[in-house]
Structure formats: C-alpha cells, structure tokens
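Asker: with the sequence up front, the predicted model follows.
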Amino acid sequence: MTNFKPPIWRDNRFWQFVGQFIAVLLAVAVVAILWSNLNRNLRQLGIQFGFDFLKQQASFDIGETAINYRPTDTYTLALWVGLINSLRVAITGIVLTTIVGISAGIARLSDNWLVKNIALIYVEIFRNTPLLLQLLFWYFAVFLGFPKTAAKISLWGIVGISQNGIELPWFTLSPEFSALLLGLTFYTGAFIAEIVRGGIQSVAKGQWEAARSLGLKPGLVMRLVVFPQALRVIIPPLTSQYLNLTKNSSLAIAIGYPDMYFVASTTFNQTGKAVEVMLLIMLTYLTLSLTISIVMNLLNRTVQIKER
C-alpha cells in the first residue's frame, strides 16, 4: 500500500486556518486605518492624544463621595470617586434585585390568588415601562415628594425618610442614590422574576412528586429539590440581567447622581479630551462586565450536572 496524502488545499483545516488568518488581518487593518484617521483629525484640530490631563487639577465639586475628595484634587481622583459610586450602585443593586427577582418569581407560581396576581402586576408594570421614566418617577415624584428633614417620616425609630433621602443609624443614603438604586432594582427584578419562574417550571414534575412523596413541606421542596435544579436554567440569563443593571446605572446622570459616566462627562467638558475620556469609560464598563461574567460563569459551572 502506498501512503497517499491529498494536496494541502483539499484539507478543510487548512482553509479554516486561512479564513481565520484573513479575518485577523482585516481586523488589524481596520484598527490601523481608524487609528491613523484619529491621529490625523486630532492634529488638524491641534489636539495631542494623551492622558497627561489626569494629573491636572479637577476644579469641580462632586456632590456625593465615598472617599475624601476636594476640587483641588486631580482628575484621576475625581474619576476614582465616580467609579466607586458606580460600584456602590452596581453591587448593592445586584444583591437587592436578586432578592426581589427571586421573591417575585416564586410568588408568580404561588397557589395564593392574591400573592400571584400582585407579583404579576408588579412584573408587567415594571418590565413594560422605560427605565429612565421609572428613575425620574422615583426621584421627582417619590423622594422629592417626601417632607423636609424637619418633618421627616420615621419608621420604627430607626429609619428616617425625607427629601434628603433615607437616613439609617450608620449612614445616610442621598435621594439620588436611593432613586437610582430603587429604579434599577425593581426594573431589573421584574425581568429576573420571569427568569426564575421559567427556571422553576423547567424542573420535571417528577422531581416535585418525588420530593412530596418523601413528606417534605412545600418550602423545603422548593429550597432543597426544585430551586437547586432550576439554577442550571436560571444562571445564564441572570448573568445578562446583572450586566444590564451595571450598564444601565449610567442613566444616573439623568437624576444627578455622580457616577463614573457623570464624572467622566464633566471631565470631558472641561478638558476637551473626548477620545481619551471615552476610552476610559469603555474600559471601565468592559472591566466591570467581564468581571461579572467570569464570576457568574464560575458559579454556573458549580450547578451543572457532572457526568461520572
């Protein structure tokens, strides 16, 4: 027998490699052309590309800061303040929206007519109205509609609610932060509720019946048998909702909450460094999104069925 090798151009793997190589060349060429056009346009405008402006004095105040900041500090510190404010909203929002979404999703499947329909009304209203409209409602109609600090509403002698926001014994939440947080939480929670409902309904009826045959109460059936299996269906779309919440937090500028986008916009207006500032914003949100994706993918692996 003779070992016959077909020509390389008849090998599918060769053409797959060639296709990928050409795609990479085209991508590099497009980036190079765009970069060349950018540099040419900046030179024509008399603008030099660079990030030296980050060392300059910011000269603007930020209404809400979690770290020490003064207008005499640099743009770098100002952007850090905005980033921390964005992280406060994103992390707190993810926690709260998970609680609201899971609760509403389970309530949608309740045997109690009142509970089921309250959850249905919540989902349909918050899911089908624009987020920006909801943020404006929470800020102007709710928080600015509360009495002033002198006549604040007191709940259990611990929580105070007024036009200045929500006052707790260990810190105070501004009306801008509170409105943004509630808007993102209830809006995203409505989508998560439907994800949870679909995930629970994807569990085979035999699993429910088997759990009940063991004498488990409905709450234990859900917590120990059904919900852990539903997580395999819930987590992938849940990741998308967490990403949406993080990116939607940039709407904070509409109600004056100084997040990353708010501070970056002010920086751009003062320095004229549009390209550099946009790159920083893109890099920031890309990093946040990739971090969330990595964490959720790791969580997704832990709930998948492992074949022996």
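Answerer: Arrived safely. Quantities reported herein were computed from a predicted structural model and do not represent experimental measurements.
Asker: neighbours of residue 8, how many?
Answerer: The number of residues packed near residue 8 is 9, by other Cβ atoms under 10 Å. (C-beta placed from N, C-alpha, C; glycine too.)
Asker: if we look at the helix or strand residue 114 falls within, which residues are touching it?
Answerer: Using DSSP states H and E, residue 114 maps to helix 113-127. Here helix 113-127 makes contact (Cβ atoms under 8 Å, 6 or more residues apart in numbering) with 104-105, 107-110, 134, 186-187, 189-191, 193-194.
Asker: out of those residues, which are buried?
Answerer: For the contacts of helix 113-127, a burial check counting by 16 or more other Cβ atoms under 10 Å picks out 104-105, 107-108, 134, 186-187, 189-191, 193-194.
Asker: restricted to helices, list those residues.
Answerer: 104-105, 107, 134, 186-187, 189-191, 193-194 (DSSP state H).
Asker: I'd like those laid out as TSV, including distance to residue 207 and pLDDT.
Answerer: Conversion of those to TSV gives the following (distance: Cβ to Cβ, whole Å; pLDDT from 0 to 100):
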residue	distance to residue 207	pLDDT
104	22	94
105	17	93
107	21	93
134	37	93
186	31	96
187	32	96
189	26	95
190	27	95
191	25	96
193	21	95
194	21	95
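Asker: now those as CSV including distance to residue 263?
Answerer: Output for these, formatted as CSV (distance: Cβ to Cβ, whole Å):
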residue, distance to residue 263
104, 33
105, 35
107, 39
134, 23
186, 26
187, 23
189, 27
190, 29
191, 28
193, 33
194, 34
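Asker: can you tell me which of those residues is nearest residue 30?
Answerer: residue 191 (34.7 Å; Cβ to Cβ).
Asker: what's the pLDDT at residue 162?
Answerer: Looking at residue 162, its pLDDT stands at 69.
Asker: same check on the one 5 residues further on?
Answerer: The pLDDT attached to residue 167 in the predicted structure is 71.
Asker: how close does it sit to residue 34?
Answerer: Per Cβ to Cβ, to the nearest Å, residue 167 is found 50 Å from residue 34.
Asker: more neighbours: those two, which one.
Answerer: Between residue 167 and residue 34, counted using other Cβ under 10 Å, residue 167 has the larger neighbour count: 16 against 10.
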